[in-house]
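Student: Build the 3D model from these lines:
(one chain, ligands or ions: 1)
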Amino acid sequence: MKVVVIGTGYVGLVQGTILSEFGHNVTCLDIDSDKIENLNKGIIPIYEKGLEEIVRKNLKLGRLNFSNDIIKYILEGDIIFLAVGTPPSEDGSADLKAIYSVAKQIGENIVSSKIIVTKSTVPVGTGDEVEKIIDEECKKRGLSLEVSVISNPEFLREGRAVEDCINPDRVIIGGENLRAMEIIKNLYAPLIEKDIPFVLTNRRTSEMIKYASNAFLAVKISFINEISLLAEKIGANTQQISKAMGLDKRIAPSFLECGAGYGGSCFPKDTKAIVEIAKSYDEELSIISSAISANEKQKQRMVEKIVKNVGKLKDKSFAVLGLSFKPETDDMREAPSLDIIKGIIDRGGKIKAFCPEGIRESKIRLKEYSEHITYCNDEIEATSDVDGVILVTEWSIFKNMDIFELRKRVKDNFYFDLRNVFTENSEIRKIFKYFPVGQK
Ligand code: UGA
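Tutor: Numbering: from 1, shown residues only. Reported below is the predicted structural model:
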């Protein structure tokens, strides 16, 4: 079976590559010709551990190729994955223009049966609409083809995308045609062999599973972040609260770490989108809405925490360690660092910033603030001659810094550990005015 993946963003590129690693013949398509040219040389546009090696290996084996000739491969493919972007519109709902335009292109061109698989996170009912668009376009050309539209949402995390695709917790396949669903299931044969659970369900349920999962994780983070604000005031320790809560099997330990708030392209986008979907059905998702506002509050609270402890920020300088929304990625979308840096500069402070991967994108996103930010070549330069240090993203390079050497470089002794990296280190409290999140 020939597999075609339309869209070479995070999801499309990783999923297409892994399907070729599973032994399938895969072509990944994109309208960006420069990107395609680079990909065919094995140059990948994102930072993702292990991905480049697998891309190069499968290019060499001839199982994977990249092209911008969308029509040619739409005609050749038996299975067409849709992995184009669904960015948020102004009101927070998912913008489906790219999905629908690809569906139209498929309907206008195909001459044989196809299985279409939506990998992008799409609102409930999008699969129905994709099917309708393709059917209508085929009918206009006098064709009646068997086209099955399957929902097969992606659960990969940025920074661990390859690992998550090879070892997912579960695979969800939603559709109305059992034969097509079985074909898609068999694409993942190595996962069946590993006994990874498969959930076969209808298309709308599958689309909803993705939103419900991301929204639940966002709620979990906002929940512990709110607990942390209270814990800090009453003198309780949130890390110990999380640990003890997580020991209850019904709660589970992961995604209970308090910090500077969640960011990235997924939680902020998907929580807003599901709230908008609900509105269009006259339902209010008040828990998810509250998680969204709690996350905004959390980022602002980090700035307030700095002001409360340092005093006036005018002419004070801070080293910001970590810009990307989490470690092991260059993604700056909705990164808490953006709000924290803006908050400090708006109050008259100056920033020296370092991040292993986030600087390039940060320069674009913080363009209006650029005269107050010095981007540094490493963590040593960033922490030299500043009044305080703010650790925003927990890259291991920052975890491994020698705090005694650090103390010599920092003028005043403020250390804001917004990811609770050093809470177990008793020395840091002796040499710095140390402020973690959610505990004294
Ligand atoms: C998230 C989901 O975890 C994936 O399963 C999903 O496939 C993906 O969205 C998507 O929809 O495509 P991702 O956005 O890559 O993945 O990042 P996560 O590792 O989930 O982290 C999200 C944010 O939550 C980060 O800013 C992280 O710092 C924050 N976080 C995470 C916390 O503040 N506390 C925690 O305990 C865990």
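
Student: all contacts plus neighbour counts: C-alpha atoms, from now on.
Tutor: Noted.

Student: For Val117, list the residues it contacts.
Tutor: Counting by CA atoms under 8 Å, 6 or more residues apart in numbering, Val117 touches Ile79, Ile80, Phe81, Leu82, Val149, Ile150, Ser151, Asn152.

Student: same thing but at 6 Å, please
Tutor: Phe81, Leu82, Val149, Ile150, Ser151 (CA atoms under 6 Å, 6 or more residues apart in numbering).

Student: Tell me which of those fall in strands.
Tutor: Phe81, Leu82, Val149, Ile150, Ser151 (DSSP state E).

Student: Pull up the per-residue confidence for the first one.
Tutor: Translated: Phe81. On pLDDT, Phe81 comes in at 98.

Student: Contacts only, for it.
Tutor: Neighbour list for Phe81: Val5, Ile116, Val117, Thr118 [criterion: CA under 6 Å, 6+ apart].

Student: Give me every residue in the stretch 151-300 of the chain lying close to the ligand.
Tutor: Contact residues, the stretch 151-300 of the chain versus the ligand (CA under 6 Å from any ligand atom): 154-158, 214, 221, 254-259, 261-267.

Student: Identify the residue spatially nearest to Ser396, adjacent ones excluded.
Tutor: Counting by CA to CA, 6 or more residues apart in numbering, Ser396 lies nearest to Pro327, which is 8.0 Å off, once chain neighbours are set aside.

Student: just checking, what's the longest helix in this structure?
Tutor: Longest helix in the chain, counting residues (DSSP state H): helix 203-234.

Student: Please enumerate the strands of the stretch 101-250 of the chain.
Tutor: For the stretch 101-250 of the chain, applying DSSP state E, counting those that start in this stretch gives strands covering 114-118, 147-151, 171-174, 198-201.

Student: Out of those, which is closest to Lys132?
Tutor: Proximity to Lys132 (CA to CA) singles out strand 147-151 among the strands of the stretch 101-250 of the chain, at 9.9 Å.

Student: tell me the angle that closest one makes with strand 114-118.
Tutor: Going by axes from the mean of the first three to the mean of the last three CA atoms, to 10 degrees, strand 147-151 is angled at 20 degrees with respect to strand 114-118.

Student: Residue ranges in the chain under the pLDDT threshold?
Tutor: Scanning the chain for pLDDT under 70 picks out nothing.

Student: any idea which of the contacts of Phe81 is closest to Ile134?
Tutor: Using CA to CA, Ile116 comes nearest to Ile134 of the contacts of Phe81, at 10.0 Å.

Student: That closest one - how many residues pack around it?
Tutor: For Ile116, the count of nearby residues is 27 (other CA atoms under 10 Å).

Student: bridging residues for it?
Tutor: As for beta bridges, Ile116 partners with Ile80, Val149 under DSSP bridges.

Student: doesn't Ile80 make contact with it?
Tutor: Yes: under the contact definition of CA atoms under 6 Å, Ile116 touches Ile80, with a separation of 4.8 Å.

Student: Find the residues that touch each one of these two.
Tutor: Between them, Ile116 and Ile80 share no contacting residue under CA under 6 Å, 6+ apart.

Student: ok so, going back, from the chain's centroid, how far away is the longest helix of the chain?
Tutor: 15 Å (CA atoms, centre = their mean, to the nearest Å).

Student: Okay, angle between that helix and strand 114-118 too, please.
Tutor: Using the same axes, to 10 degrees: helix 203-234 against strand 114-118 is 10 degrees.

Student: Would you mark the buried spots in the helix or strand containing Val55?
Tutor: Using DSSP states H and E, Val55 maps to helix 51-61. In terms of neighbour count (16 or more other CA atoms under 10 Å), helix 51-61 has its buried residues at Leu51, Glu52, Ile54, Val55, Arg56, Lys57, Asn58, Leu59.

Student: which SSE is the residue nearest to the last one when sequence neighbours are not counted in?
Tutor: In other words, Leu59. Nearest-residue entry for Leu59: Asn65, 6.1 Å, with adjacent residues in sequence omitted and distances by CA to CA, 6+ apart. Secondary structure assignment for Asn65, by DSSP H and E: strand 64-67.

Student: which other helices and strands contact that strand?
Tutor: strand 25-29, helix 33-40 (3 or more CA pairs under 6 Å, 6 or more residues apart in numbering; DSSP states H and E).

Student: try it again with 8 Å
Tutor: strand 25-29, helix 33-40, helix 51-61 (3 or more CA pairs under 8 Å, 6 or more residues apart in numbering; DSSP states H and E).

Student: Can you pull out the residues in contact with the last one?
Tutor: Contacts with helix 51-61, where a contact means CA under 8 Å, 6+ apart, come from Val14, Thr17, Ile18, Ser20, Glu21, Asn40, Gly42, Ile43, Ile44, Leu64, Asn65, Val162.

Student: since we're on Leu187, how many residues are nearby?
Tutor: Residues lying near Leu187 (other CA under 10 Å) number 17.

Student: right, I mislabeled it, should have said His372
Tutor: For His372, the count of nearby residues is 19 (other CA under 10 Å).

Student: isn't it right next to Ile345, touching?
Tutor: Yes: with contact defined as CA atoms under 8 Å, His372 reaches Ile345; the gap is 6.9 Å.

Student: anything in contact with each of these two?
Tutor: The contact sets of His372 and Ile345 overlap at Ile351 (CA under 8 Å, 6+ apart).

Student: could the ones in strands among the contacts of Val117 go into JSON lines alongside distance to Thr238?
Tutor: Converted to JSON lines, the ones in strands among the contacts of Val117 look like this (distance: CA to CA, whole Å):
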{"residue": "Phe81", "distance to Thr238": "42"}
{"residue": "Leu82", "distance to Thr238": "41"}
{"residue": "Val149", "distance to Thr238": "45"}
{"residue": "Ile150", "distance to Thr238": "42"}
{"residue": "Ser151", "distance to Thr238": "38"}
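
Student: of the residues you listed, closest to Pro190?
Tutor: Using CA to CA, Phe81 comes nearest to Pro190 of the ones in strands among the contacts of Val117, at 18.9 Å.

Student: and the gap between Ile390 and the ligand?
Tutor: Counting by CA to the nearest ligand atom, to the nearest Å, the separation of Ile390 from the ligand is 15 Å.

Student: what sits opposite that residue in the beta ladder?
Tutor: Beta-bridge pairing of Ile390 under DSSP bridges involves Val320, Phe416.

Student: Could you tell me which residues make contact with it?
Tutor: Phe318, Ala319, Val320, Leu321, Tyr415, Phe416, Asp417, Leu418 are the contacts of Ile390 under CA under 8 Å, 6+ apart.
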